[in-house]
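Asks: how would this look folded up:
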Amino acid sequence: MSKKVIILLSCMVFLGLQTGYVMAQDKITGPWYWIMVKTSSPGGAVVTDEDWIKDGTGGKLTEDKLAKDGITKKIKSIKFKNKLKWKEGEITPTGGNNVNDLLVKIKHAVGDVNDHCSYAVINAVSKQAKKGVTARVGSDDSIKVWLNGKDVHTNKVDRGAGDFQDTFNVNLKKGGNVLVVKVCEKGGGWSMFVGIDAKLTYDLKFKGFPVEPKSKLATSWSQVKTQRI
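Replies: So this is what the prediction gives:
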């Protein structure tokens with residue numbers, strides 16, 4: 001093999017590794033709003049299509065309502081049977097247990113949690129409307145994704161995850177886009193990875209939830225991150 005060929009192959013391998021590294025970093029870490037709700041046992045794939053928000057609030061809130069409106073002042077005031085409240089948190093872009101770790105960090109959970117669904121909500125802001133944008137997710141176990149009230153991806157599966165696994169397309173509106181991700185855990189690791197192939201900013205400024213003066217701001221709304229995926 002000639003020296004030129006060896007150099008060319010080395011460059012290709014290097015670029016491939018670099019591309020893999022970028023993919024590993026291109027995940028929406030947040031901040032997201034989080035809640036977790038207990039499901040029937042066993043959890044995971046078989047409970048994916050059941051509305052655990054409705055079950056957890058005694059019918060006062062539904063997944064469809066949450067997916068359409070995001071976290072409004074009214075929605076945030078609705079009480080869950082487990083007495084948990086929506087809390088902000090940033091998820092790590094790597095690891096096979098990042099949801100469980102985050103829920104422990106925000107004091108929603110203690111130790112290893114099974115037979116629960118997590119709901120993560122964020123506002124994805126686009127400077128212009130875009131159609132057919134590539135989105136990627138990975139999950140342990142099953143996953144369901146809504147964008148602006150529409151179910152854009154569902155995968156009823158029991159699996160492990162440390163990176164993206166599923167690819168699908170979404171349409172973005174100009175301005176805010178409500179993104180809701182549900183991950184149902186059966187057992188073992190509990191993880192979530194989400195990315196959208198567009199230049200977007202992410203915040204928690206949903207319609208119907210007025211922003212308070214900075215002196216009274218208790219959230220990290222000002223910590224808006226721009227991510228290129």
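Asks: the helices in the chain, which residues?
Replies: Ranges of helices within the chain are 3-25, 52-56, 63-69, 73-77, 98-105, based on DSSP state H.
Asks: worst-scoring helix or strand of this protein, pLDDT-wise?
Replies: Counting by mean pLDDT, DSSP states H and E, the chain has its least confident helix or strand at helix 3-25, which shows a mean of 40.
Asks: mind listing what's buried in stretch 112-119?
Replies: Neighbour-count burial for stretch 112-119 flags 113, 114, 115, 116, 117, 118, 119 (criterion: 16 or more other Cβ atoms under 10 Å). (Each C-beta comes from the backbone N, C-alpha and C, glycine too.)
Asks: Need the residues that contact that stretch.
Replies: Under the contact criterion Cβ atoms under 8 Å, 6 or more residues apart in numbering, stretch 112-119 has outside partners 34-43, 47, 52-53, 63, 66, 99-100, 103, 109, 180-187, 190, 192.
Asks: which of these count as buried?
Replies: Applying 16+ other Cβ under 10 Å to the contacts of stretch 112-119 flags 34-39, 43, 47, 52-53, 63, 66, 99-100, 103, 109, 180-187, 190, 192 as buried.
Asks: Quick one: low-confidence residue ranges for this protein.
Replies: Residue ranges of the chain with pLDDT under 70: 1-25, 208-229.
Asks: what ranges do the strands span in it?
Replies: With DSSP state E, the ranges of strands along the chain come out as 32-38, 87-89, 116-126, 130-140, 142-147, 150-155, 166-172, 175-185, 191-196, 199-203, 225-228.
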